[in-house]
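> Sharing a model that was predicted from the sequence below.
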Amino acid sequence: MIYNENSYVVLSSIKSEPSNIYFENEVYNIVYSCGLSCVKYVFFKKPNTVSDVYLNSLAISDKGEFVLTMYGNLVQVYETFTHKKIYKKKLDNGGDILSNGSFNDAGYEGGKFFIRHRTIGGNYSEEKISIK
């Protein structure tokens, strides 16, 4: 349940308590652990807008309208509160980037998402994702 200025939103899809809640880019990030290399995120924006659940959110845009996620070696970008997928790409990596040690960094800068990782050949690569 999220309480916000005399109202509340119930997150019925998640039965456990959050492991962390923080405010970033005009959005509350509610974090739930779901196992090794697995973290569920729910985003909340005033007044009472709640996102669907996202696995392994790596970055959120400046105003919280887009979110970058990763599962295995699949990178995806969604509109945060409509859950509309706007980008999808498999990275040049043989497995789960978050658990095999090849993940380096991810973020949002200058209107673009980026993700840095080591490829199957051992070289470092940076993917840049522009949002139009």
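Structure's in. What do you need?
> Show me the shaky parts of the chain.
1-15, 36-37, 132 (pLDDT under 70).
> if I look at the residue most central in space within it, how far off is Gly94?
In the chain, the C-alpha nearest the mean C-alpha coordinate belongs to Ser57, at 1.7 Å (C-alpha atoms, centre = their mean). Look at Ser57 and Gly94: by C-beta to C-beta, to the nearest Å, they are 23 Å apart. No exception for glycine: its C-beta is placed from N, CA and C like everyone else's.
> and if you look at Leu74?
13 Å.
> These two: which is more packed in?
Leu74 (14 against 11; other C-beta atoms under 10 Å).
> show me the contacts for the more buried one.
88-91 (C-beta atoms under 8 Å, 6 or more residues apart in numbering).
> Turn the buried ones among those into a named ChimeraX selection, would you?
Here is the ChimeraX command that selects the buried residues among the contacts of Leu74 (16 or more other C-beta atoms under 10 Å):
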select :91
